[in-house]
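Peer 1: give me a model of this one.
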Amino acid sequence: MNKQYKKLGVNVAAITIGNFASKILSFLIVPIYTAVLTTQEYGVVDTLSTTISLLYPFFTLLVSEAVLRFALDKNEDQKQIFSVGFWITIFGFGVMLLVSPVYFLFDGLQGYYWYFMLYYFVTTLQILLNYFIRGIERVKLFAFNGFLVTFIYLVLNIIFLLVLKIGVHGYFLALIISSFIGCIFTWIVAGLHHYLIRPWRMKRGLAGQMLRYSIPMIPNSISWWISTSADKYILIFFHGYALAGVYATSQKIPSLFAMIGTIFLNAWQISAVEDFGSEQSRLFYSDIYRKYSSVNIVVVSAFICGTQLLSRILFASEYYEGWIYTPVLLFSFVFHALAGFLGTIYTSAKETKFLLGSAVAAALVNIVLNFALIPGLGAMGAAWATLISYFVMWLVRLLDSRRFIRLDIYLKKDIASYVLILAQMGLLYLQTIPGYIGVFAVFFLLVILHREIVVGMIHLALDRLHLTKGGQV
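Peer 2: From the prediction side, this is the model:
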């Protein structure tokens, strides 16, 4: 099992080095958006990005998920796997060109059609390439590409938004150009032209296997999208683009926290498939889940402590009110992260159809609560609907995943931690000196409660840093 931990640690370290820098750069660009774009404009930008997330599964059939999973099986033909993913992605884009103009009949979206289409194309291509290079375990290339794309994106935003001052058009140009450069870089460095074969030479049997793996994940992906993004459309319906823009901005701090989960799961997906189903694998899964849960709890508590300060620094005054939604969204991402971890049980077992039940349950809860809460509570209602729906997804997966692997977890300690985080949020909303003291007291209490894993992770991080400096990674 030590070999598994070492491999996971190396992958996490490599992805962290690349992604931490890229995510920090993305985070630092938030003040530019809030200073240059109005809440109305940011609402439009976020709506178009959210729509791409919705359409992506339908027009790609989520084939990139199959590309990653099948590429991790070393006995599979890597050229066939990549080619199936590439040509399905290209064909899906062609279909997208035929049907997408209907969407731009909606008020407020006219004038952004070609930005939308180009952004969709480079996004889907970038996802495919990134999934494949992870599947063939080019993890360092994956990490560096993330840093490169984000650095270019930051520079272009400064040029287009601050120097040329072209607003929303500059925002999309920066996204499209940086992602396109990232695709070209990955293609050349990984030598992906050597993996691409003509469509008529693809093995239909393998293509069928890959689609049988990926297509059942479409309802799951859509349900994730509903839990994550449908609230923005309902907010627009009841309260307009401006409030949706403020709410989207309030998600920026939680997105920085979610970086931890993204980095880890990118590395974990590579390790999760090894010896799946064995007792050793069960123990490995259980130990990693416990560590992952503790780290998420402690880190989200730390972010709650700094919510108002970070909002003051990052957001222009017309966006600052969004800080009140941030603690709820931060807490929701704890369950988002844990549900994502449990989802790797299904993908490792290649039983993706069983993901559907938990995702649909969460989506239904989210939709019902959004319509019930948003009219009266506005964006706060959307935040609570997100939290409750993610909690439902986590709980259903925790119980259902036992059919494949039974995890040994510290459930009582985790539940006690969740109660403490709720108390911490309540103390923050008091906005009094005793309340702020209580906020930090809860944080230190959580650190003590999870001290073994916190101390262990600190030692692990220091060890990895030492090895990196020594040239051993």
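Peer 1: low-confidence ranges in the chain?
Peer 2: Across the chain, residues meeting the criterion (pLDDT under 70) sit at 1-31, 34, 101-110, 224, 227-228, 260, 270, 274-277, 457, 459-473.
Peer 1: try 50
Peer 2: For the chain, the stretches flagged by pLDDT under 50 are 467-473.
Peer 1: helices along the stretch 201-350 of the chain, start to end?
Peer 2: 204-214, 217-239, 241-250, 252-272, 279-305, 307-314, 317-320, 326-348 (DSSP state H, counting those that start in this stretch).
Peer 1: what's the closest of those helices to Phe440?
Peer 2: For these, proximity to Phe440 was assessed by C-beta to C-beta; helix 279-305 is nearest, at 5.8 Å. No exception for glycine: its C-beta is placed from N, CA and C like everyone else's.
Peer 1: make JSON lines out of the helices of the stretch 201-350 of the chain and add mean neighbour count and distance to Val454.
Peer 2: Converted to JSON lines, the helices of the stretch 201-350 of the chain look like this (neighbours: other C-beta atoms under 10 Å; distance: least, C-beta to C-beta, whole Å):
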{"stretch": "helix 204-214", "mean neighbour count": "16", "distance to Val454": "37"}
{"stretch": "helix 217-239", "mean neighbour count": "21", "distance to Val454": "28"}
{"stretch": "helix 241-250", "mean neighbour count": "25", "distance to Val454": "27"}
{"stretch": "helix 252-272", "mean neighbour count": "21", "distance to Val454": "14"}
{"stretch": "helix 279-305", "mean neighbour count": "20", "distance to Val454": "6"}
{"stretch": "helix 307-314", "mean neighbour count": "16", "distance to Val454": "21"}
{"stretch": "helix 317-320", "mean neighbour count": "16", "distance to Val454": "32"}
{"stretch": "helix 326-348", "mean neighbour count": "24", "distance to Val454": "15"}
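Peer 1: nearest to Phe142, out of the ones you listed?
Peer 2: Nearest to Phe142 among the helices of the stretch 201-350 of the chain is helix 252-272 (7.5 Å), distances taken as C-beta to C-beta.
Peer 1: returning to that earlier point: need the helices of the stretch 201-350 of the chain in JSON lines (columns: distance to Ile52).
Peer 2: Below are these laid out as JSON lines (distance: least, C-beta to C-beta, whole Å):
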{"stretch": "helix 204-214", "distance to Ile52": "18"}
{"stretch": "helix 217-239", "distance to Ile52": "10"}
{"stretch": "helix 241-250", "distance to Ile52": "14"}
{"stretch": "helix 252-272", "distance to Ile52": "16"}
{"stretch": "helix 279-305", "distance to Ile52": "27"}
{"stretch": "helix 307-314", "distance to Ile52": "24"}
{"stretch": "helix 317-320", "distance to Ile52": "23"}
{"stretch": "helix 326-348", "distance to Ile52": "19"}
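Peer 1: out of these, which comes closest to Ala362?
Peer 2: Nearest to Ala362, of these and by C-beta to C-beta, is helix 217-239 at 4.9 Å.
Peer 1: just want the angle from that closest one to helix 204-214.
Peer 2: 40 degrees (axes from the mean of the first three to the mean of the last three C-alpha atoms, to 10 degrees).
Peer 1: mind listing residues that contact helix 217-239?
Peer 2: Outside helix 217-239, the residues that touch it by C-beta atoms under 8 Å, 6 or more residues apart in numbering are 43, 46-47, 50, 53-54, 56-58, 61-62, 65, 243-244, 247-248, 352, 355-356, 359-360, 362-363, 366-367, 370-371, 374-375, 378-379, 382, 385-386, 389-390, 393.
Peer 1: same question for stretch 364-376.
Peer 2: 226-227, 230-231, 234-235, 238-239, 380-382, 384-386, 388-389, 392.
Peer 1: how distant is that stretch from the center of its chain?
Peer 2: How far stretch 364-376 lies from its chain's middle: 23 Å, per C-alpha atoms, centre = their mean, to the nearest Å.
Peer 1: and stretch 308-320, by the same measure?
Peer 2: Distance of stretch 308-320 from the chain centroid (C-alpha atoms, centre = their mean) equals 23 Å.
Peer 1: and for stretch 46-57?
Peer 2: On C-alpha atoms, centre = their mean, the centre of stretch 46-57 falls 14 Å from the chain's centre.
Peer 1: in it, what's buried?
Peer 2: Asp46, Thr47, Leu48, Ser49, Thr50, Thr51, Ile52, Leu54, Leu55, Tyr56, Pro57 (16 or more other C-beta atoms under 10 Å).
Peer 1: could you dump stretch 311-330 to PDB, C-alpha only?
Peer 2: What follows is stretch 311-330, C-alpha atoms only, in PDB (Å, rounded to 0.1, in the frame of the first residue of the first chain):
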ATOM      1  CA  SER A 311     -14.600  40.000   0.100                       C
ATOM      2  CA  ARG A 312     -13.400  43.500   1.000                       C
ATOM      3  CA  ILE A 313     -10.100  42.900  -0.800                       C
ATOM      4  CA  LEU A 314     -11.500  41.200  -3.900                       C
ATOM      5  CA  PHE A 315     -14.900  42.700  -4.700                       C
ATOM      6  CA  ALA A 316     -15.900  46.200  -5.800                       C
ATOM      7  CA  SER A 317     -18.400  47.900  -3.500                       C
ATOM      8  CA  GLU A 318     -21.400  47.000  -5.600                       C
ATOM      9  CA  TYR A 319     -20.500  43.300  -5.300                       C
ATOM     10  CA  TYR A 320     -19.500  43.300  -1.600                       C
ATOM     11  CA  GLU A 321     -23.000  42.400  -0.400                       C
ATOM     12  CA  GLY A 322     -22.400  39.000  -1.900                       C
ATOM     13  CA  TRP A 323     -20.200  38.000   1.100                       C
ATOM     14  CA  ILE A 324     -23.300  36.900   3.000                       C
ATOM     15  CA  TYR A 325     -23.900  34.000   0.600                       C
ATOM     16  CA  THR A 326     -20.300  32.800   0.700                       C
ATOM     17  CA  PRO A 327     -20.200  30.900   4.000                       C
ATOM     18  CA  VAL A 328     -23.200  28.800   3.000                       C
ATOM     19  CA  LEU A 329     -21.700  28.100  -0.400                       C
ATOM     20  CA  LEU A 330     -18.300  27.200   1.300                       C
END
